[in-house]
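*Asks:* Turn this into a structure:
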Amino acid sequence: MAGANVRPAAGGGRWVDVDPERLPAWLNRFAVNHGGYRATAESSASAPQAPPEGDEALRVVAGDGTTLGLCAPPGAALSRDVEEFVVEAQRERRIGLLLARQASVAVGIADGPRLVESKVDTYYVQSRTAAGGWSQQRYARRRTNQARAAAEGAADQAVRLLLGELDHLAALVTGGDRRTIEAILADPRLAPARPLVAERFLAVGEPRRAVLEQEAVLARQVRILVRDPAPM
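*Replies:* Presented below is the predicted three-dimensional model:
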């Protein structure tokens with residue numbers, strides 16, 4: 001698994017994130033270490049060891065019983081053949097990026113791994129307070145209004161950068177805080193963008209241009225769910 005990002009998977013096994021360009025070498029090493037492999041005709045959605053994060057996957061079984069769930073990058077077609085899957089994963093696609101937290105938003109267009117357009121903005125939203133009584137209620141209302149205004153401003157940025165690009169985008173990848181992203185996408189002007197939203201949700205900190213550049217690369221990765229065979 002050298003050179004790849006590895007993390008535990010809910011329900012057992014581990015997720016491995018692999019850059020598309022490194023996928024052939026990764027699969028070759030896997031074949032050598034696990035007695036070869038074959039793709040199964042079984043859909044990952046109906047498999048007992050289906051990926052739990054929402055991505056449909058190409059399911060592969062190794063000679064020693066280890067299984068893989070190969071999740072295609074956002075916007076890529078899912079093939080039932082490993083060689084075709086690799087070719088499709090390596091194809092460059094144009095994707096939109098929408099990263100947001102309550103007080104900040106970063107919107108971008110990526111062509112392959114390269115960020116070609118971006119807009120980053122921040123908004124004022126008061127932090128939470130532990131005070132009680134009427135002051136707390138007024139504070140909460142003010143904070144709610146500030147958060148609503150921030151979501152509207154973020155939606156404005158998304159509209160400006162994304163709507164004119166929709167016909168050229170393979171997917172819209174989101175990340176940050178789910179509630180904030182949902183509030184932004186609830187804007188009626190962004191209704192045409194919603195069908196492009198990918199299942200993959202990126203875990204990011206404060207949205208910044210540098211974060212956009214990094215996520216443009218990470219969004220292309222192939223996510224692989226590795227599960228070892230059950231002990232005899």
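
*Asks:* For D64, the count of nearby residues, please.
*Replies:* The local packing count at D64 equals 12, with neighbours defined by other Cβ atoms under 10 Å. Every residue, glycine included, has its C-beta placed from N, CA and C.

*Asks:* I'd say it and G35 touch.
*Replies:* Yes. Using Cβ atoms under 8 Å, D64 makes contact with G35 at a distance of 4.9 Å.

*Asks:* Report the helix or strand with the lowest average pLDDT across this structure.
*Replies:* Taking mean pLDDT, DSSP states H and E as the measure, the chain has helix 133-162 as its least confident helix or strand, at a mean of 73.

*Asks:* What degree of burial does the nearest residue to A155 once chain neighbours are set aside show, as a neighbour count?
*Replies:* Setting aside the residues directly before and after it, A155 is nearest to D187 in space (Cβ to Cβ, 6 or more residues apart in numbering), at 3.8 Å. With neighbours defined by other Cβ under 10 Å, the count for D187 comes to 16.

*Asks:* Could you check how far the helix or strand that comes right after the least confident helix or strand of the chain is from the centre of its chain?
*Replies:* For helix 133-162, the following helix or strand on the C-terminal side (DSSP states H and E) is strand 171-176. Centroid displacement of strand 171-176 relative to its chain, using Cα atoms, centre = their mean, to the nearest Å, is 6 Å.

*Asks:* Then stretch 169-180?
*Replies:* The offset between the C-alpha centroid of stretch 169-180 and the centroid of the whole chain comes to 7 Å, using Cα atoms, centre = their mean.

*Asks:* picking that back up, phi first, then psi, for the residue nearest to A155.
*Replies:* Its backbone dihedrals place D187 at phi -60, psi 130, with angles given as degrees, to the nearest 10.

*Asks:* Would you agree it is in contact with Q157?
*Replies:* No. With contact taken as Cβ under 8 Å, D187 and Q157 are classed as non-touching, separated by 10.9 Å.

*Asks:* Need the residues touching each of these two.
*Replies:* Taking Cβ atoms under 8 Å, 6 or more residues apart in numbering as the contact rule, D187 and Q157 touch no residue in common.

*Asks:* now the strands for this protein?
*Replies:* Counting by DSSP state E, one finds strands in the chain at the ranges 5-8, 14-18, 37-39, 57-62, 67-71, 94-101, 104-111, 114-122, 171-176, 197-202, 222-227.
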